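Novice: quick one, what's the 3D model for this:
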Amino acid sequence: MALKRILLVEDDDSLASVYVNRLQAEGFDVRREANGEEALAGALTYHPDLVVLDVMMPKVSGFDVLDILRNTPETANLKVIMLTALSQPSDKERAESLGADDYLVKSQVVIADVVDRIRHHLGS
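Specialist: Predicted coordinates for the structure are as follows:
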């Protein structure tokens, strides 16, 4: 069975490295992109099953990436988990209005919680 593909979009190298290592150890095929522009290109070329998307990034924000993914036929149905430092209800509402499948605040979750949410959304 092919591994599920996770596109991790995170501009913090050390955090990204922790997530990539853990997700690979959990049996996922992982590709990391460091900004929104790369994320959009990666979503089209890598064909992930799920995207873990940071919000605060250089160039293109995670909200904009989500909006573009949802309005692009090839990526409209991708599962997207927002993983962000933004904890305001208004930010969560914005993510939900743009079509995020989940919204996790970095300070409120540990990596195991993120893995659980990924498995939940992939139905595995």
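Novice: could you use CA atoms for every contact and neighbour count after this?
Specialist: OK.
Novice: which residue ranges of the chain form helices?
Specialist: For the chain, applying DSSP state H gives helices covering 13-25, 36-46, 62-70, 89-98, 111-122.
Novice: in the fourth one, what counts as buried?
Specialist: By neighbour count on 16 or more other CA atoms under 10 Å, the buried set for helix 89-98 is 92, 95, 98.
Novice: what's the closest of the residues you listed to residue 71?
Specialist: The nearest member of these to residue 71, counting by CA to CA, is residue 98 at 9.7 Å.
Novice: any idea which residue sits dead centre in this protein?
Specialist: residue 52 (1.3 Å; CA atoms, centre = their mean).
Novice: how much space separates it from residue 1?
Specialist: Taking CA to CA, to the nearest Å as the measure, residue 52 falls 22 Å from residue 1.
Novice: what distance do you get for the residue lying closest to residue 30 once chain neighbours are set aside to residue 87?
Specialist: The shortest distance from residue 30 to any residue other than its chain neighbours is 4.8 Å, reached at residue 6 (CA to CA, 6 or more residues apart in numbering). Distance of residue 6 to residue 87, given as CA to CA: 24 Å.
Novice: which one of these two has more residues nearby?
Specialist: Set side by side, residue 6 and residue 87 show more neighbours around residue 6, with 25 against 14, by other CA atoms under 10 Å.
Novice: what residues are up against residue 70?
Specialist: By CA atoms under 8 Å, 6 or more residues apart in numbering, the residues touching residue 70 are 76, 77, 78, 98, 99.
Novice: quick one: buried ones out of the residues you listed?
Specialist: Among the contacts of residue 70, the ones that count as buried by 16+ other CA under 10 Å are 78, 98, 99.
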